[in-house]
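Undergrad: only the shape, not the letters, is given here:
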């Protein structure tokens, strides 16, 4: 059984989808802990499912490195097989990424390498793109630049704004994430192999 830690900053919609999936008896992964960089509404999902949670408040640390060291210490307590970033709105320090690589994955609301960064949906609209997408990647020390594990196109519709487009991307992100975690758990997707063949 694959053990998973999920890190959030907000409502935790991807976390909720993973918790619901993991509640199914045939799903081969279990969430063992949920962490956040601030008080997050998504903690309610963890509480509902009886999953332990921890808080490492970004504002209490002088540097990203100090924050990352405490985050790493909290993760070390649980020793998860996989760390999922689920709307965590902080870049992890390189020392933490290097410690856990390639066992940290993230979702992104664009068809990478198109539109990386914090505003992928807005940027796709601003560029006049006819389609965008959703991706699941291995986290590296760049910005949404890690090896791609899964992705799917989502069309941009006439009249779309940032909110409406994002609402159509989110279910695709969740489905891809649930499937990627399942494939990692059953050995169908080898993170070390993907990372080693990345350019």
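TA: The structure has been received and is ready for your questions. Computed from a prediction, not measured in an experiment: that's the story for all the values here.
Undergrad: distance of residue 98 from residue 177?
TA: Plainly put, residue 98 is 23 Å away from residue 177 if you go by Cβ to Cβ, to the nearest Å. Glycine gets a C-beta too; all of them are placed from N, C-alpha and C.
Undergrad: which one of the two has more residues nearby?
TA: residue 177 (24 against 11; other Cβ atoms under 10 Å).
Undergrad: what are the buried residues along the helix or strand encompassing the more buried one?
TA: Using DSSP states H and E, residue 177 maps to helix 162-186. Using 16 or more other Cβ atoms under 10 Å as the test for burial, helix 162-186 gives 165-166, 168-170, 172-174, 176-182, 184-185.
Undergrad: what's near enough to touch the nearest residue to residue 14 once chain neighbours are set aside?
TA: Leaving aside its sequence neighbours, residue 14 sits nearest to residue 86 (Cβ to Cβ, 6 or more residues apart in numbering; 4.1 Å). Contact analysis of residue 86 by Cβ atoms under 8 Å, 6 or more residues apart in numbering lists 6-8, 12, 14-15, 18, 42, 107, 177.
Undergrad: single out whichever of those has the smallest pLDDT.
TA: Among the contacts of residue 86, residue 12 carries the lowest pLDDT, at 90.
Undergrad: other residues contacting the helix or strand of the chain with the lowest mean pLDDT?
TA: Ranked by mean pLDDT, DSSP states H and E, the weakest helix or strand in the chain is helix 191-197, scoring a mean of 92. Here helix 191-197 makes contact (Cβ under 8 Å, 6+ apart) with 101-103, 105, 138, 147, 149, 184.
Undergrad: gap between that helix and the chain center?
TA: The chain centroid and the centroid of helix 191-197 are separated by 18 Å, computed with Cα atoms, centre = their mean, to the nearest Å.
Undergrad: sorry, back to before: so what does the helix holding residue 177 touch, helix or strand wise?
TA: Counting contacts by 3 or more Cβ pairs under 8 Å, 6 or more residues apart in numbering; DSSP states H and E, helix 162-186 packs against strand 2-8, helix 13-22, strand 29-36, strand 82-86, strand 104-108, helix 120-126, strand 131-138, strand 148-155.
Undergrad: I figured residue 104 hits residue 97, correct?
TA: Yes - contact criterion Cβ atoms under 8 Å: residue 104 and residue 97 qualify, at 6.5 Å.
Undergrad: mutual contacts of these two, please.
TA: Joint contacts of residue 104 and residue 97 (Cβ under 8 Å, 6+ apart) are residue 139.
Undergrad: nearest to residue 1, of the contacts of helix 191-197?
TA: Distance to residue 1 across these (Cβ to Cβ) is lowest for residue 184, with 11.9 Å.
Undergrad: in this structure that closest one contacts residue 82, no?
TA: Yes - in this structure, residue 184 is within contact of residue 82 by Cβ under 8 Å, at 6.3 Å.
Undergrad: quickly list what's touching both of the two.
TA: 2, 29.
Undergrad: please name the nearest non-neighbouring residue to residue 161.
TA: residue 125 (7.3 Å).
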